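Q: below: sequence and its predicted model.
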Amino acid sequence: MQFDDVILGRRSIRGYKPDPVPRALIEEIIGLAMRAPSSMNSQPWNFYVITGEPLNRIRAGNTERMVAGVPQSREFRIGQPFAGAHRERQVQVAKQLFFAMGIARDDKDKRQDWVLRGFRQFDAPVCIIVTYDRALDGSDDTPFDCGAVTNALVNAAWSRGLGAVINSQGIMQSPVVREHAGIADDQVIMKSVALGWPDHDFPANAVVSERKSVKEATVFVGFED
């Protein structure tokens, strides 16, 4: 693929085929992603790639604890709930997804099932947990760098025919993730990425989220035109 094809074609994939993803292909994708820039070449990131029974145990543990009302325990700061334009964008993409999936506003069961898909890493055959070195905790550069490498990761996956979606639901119950992924104590859990072969018959996979315009997002200073 050309660069533009990847950037403009990539979508968040929330429905996957059960087919396994070869380890060599995942290693190739991670190797590409790690060419992402980082502050002073600190490269704070690490990856835990999970599949099979360990991933099933994480899915089950996440779901059971959330249904039981166990408070979430993500290890990064989540800030305040979205408001204003940010909340409007959140609601808009939810409307797009629910419309694609045929989920009515008052259908509580289907809405709940949709939420639980996130805790199950969208039933993808692979989950990648992005962590960073605890020695760097407190540095704003570190999560910025992890965002850069995660963006590169999903784009590299797309360029190889794989789909992915970055999500926080899959790591809401961090003790479950730590236990079954064997995450070292010197690591902080940052994000979860579901990965696999896209199921092109899954309606939500056709959803393309809207973006604000360059004009809305950009201030040009010192240009004559």
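A: Nice, I can see it.
Q: tally of neighbours for Pro18?
A: Using other CB atoms under 10 Å, Pro18 has 10 other residues around it. All C-beta atoms are positioned from the backbone trio N, CA, C, and that covers glycine.
Q: an error on my part: the question was meant for Pro44.
A: Counted with other CB under 10 Å, the neighbours of Pro44 add up to 23.
Q: from Ala148, how far out is it?
A: According to CB to CB, to the nearest Å, Pro44 stands 11 Å off from Ala148.
Q: overlap in contacts, those two.
A: Overlap between the contact sets of Pro44 and Ala148, as judged by CB atoms under 8 Å, 6 or more residues apart in numbering, is given by Ser38.
Q: Asp123 reaches Ile13, doesn't it?
A: No - counting by CB atoms under 8 Å, Asp123 does not reach Ile13; the two are 11.1 Å apart.
Q: can you find which strand in this structure contains the most residues?
A: Assignment by DSSP state E gives strand 187-196 as the longest strand of the chain.
Q: can you list the strands that that strand pairs with?
A: Within its sheet, strand 187-196 is paired with strand 126-133 (antiparallel), strand 163-167 (antiparallel), according to DSSP bridges.
Q: using CSV, write out every CA atom in the following helix or strand past that strand.
A: On the C-terminal side of strand 187-196, the nearest following helix or strand under DSSP states H and E is helix 214-217. As requested, the backbone C-alpha atoms of helix 214-217 are provided in CSV (Å, rounded to 0.1, in the frame of the first residue of the first chain):
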residue,chain,number,x,y,z
VAL,A,214,-7.9,21.2,8.8
LYS,A,215,-9.3,24.7,9.0
GLU,A,216,-11.0,23.9,12.3
ALA,A,217,-7.9,22.2,13.8
